[in-house]
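Chemist: below: sequence and its predicted model.
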Amino acid sequence: VQLQASGGGFVQAGESLRLSCEYSGFAPDNYCIGWFRQAPGKVREGVSGISGVGDGTYYSDAVKGRFTISRDNATNTVNLQMNSLKPEDTAVYYCAARRFGVPSPDYWGQGTQVTVSS
C-alpha cells in the first residue's frame, strides 16, 4: 500500500495550492481518503475527506468554503484544492486511507509542507 502526497509549497496569503494524493495497493471504492494537517506544536487535525466512490465529502469548519476535495479512482488520485489560503493553514499535510466503518485511518502517506506567508 502506498499513498504519496504532493503539491505543497510556499505561498502568500490569499493564494491557492492544489495538493494531490496518489494511492495504490488497495481497492479504492472501499476506502475513504482524508487530508490531515499538523502545525508545529499542535495536534494533527482532520481537514477534509471523501468517500470511496466520491459521493460524500467532509470539511472542517476551518476550511469549509475555501477547500474542495475530489477523487478519481480511475487514476487513483485525490486532490485538495486550497483557495484563499491563510497563515493559519501553514502545516504539514498528510493524506490517509480509511476503510468504510473503521474509525481510524489504516494507511498514511508522507507529509507535504504548506507554508502561507502573511
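Modeler: Everything's here; your move.
Chemist: just for this structure, where's the confidence low?
Modeler: For the chain, no stretch has pLDDT under 70.
Chemist: secondary structure element for the most centrally placed residue in it?
Modeler: The geometric centre of the chain, computed from its C-alpha atoms, lies nearest to Trp35 (CA atoms, centre = their mean), at 2.5 Å. Secondary structure from DSSP states H and E places Trp35 in strand 31-38.
Chemist: and after that strand, which helix or strand comes next?
Modeler: Going down the chain from strand 31-38, the next helix or strand is strand 45-50, by DSSP H and E.
Chemist: may I see the buried residues of the strand holding Trp35?
Modeler: Tyr31, Cys32, Ile33, Gly34, Trp35, Phe36, Arg37 (16 or more other CB atoms under 10 Å). Where you see a C-beta, it was placed from the backbone N, CA and C, and this is true even at glycine.
Chemist: give the contact list for the residue nearest to the centre of the chain.
Modeler: Trp35 is in contact with 19, 21, 46-49, 69, 78, 80, 93-96, counting by CB atoms under 8 Å, 6 or more residues apart in numbering.
Chemist: 6 Å instead?
Modeler: Val47, Ser48, Leu80, Tyr93, Cys95 (CB atoms under 6 Å, 6 or more residues apart in numbering).
Chemist: returning to what we had before: and the two most separated of the buried residues of strand 31-38?
Modeler: The two members of the buried residues of strand 31-38 with the most space between them (CB to CB) are Tyr31 and Arg37, at 19.6 Å.
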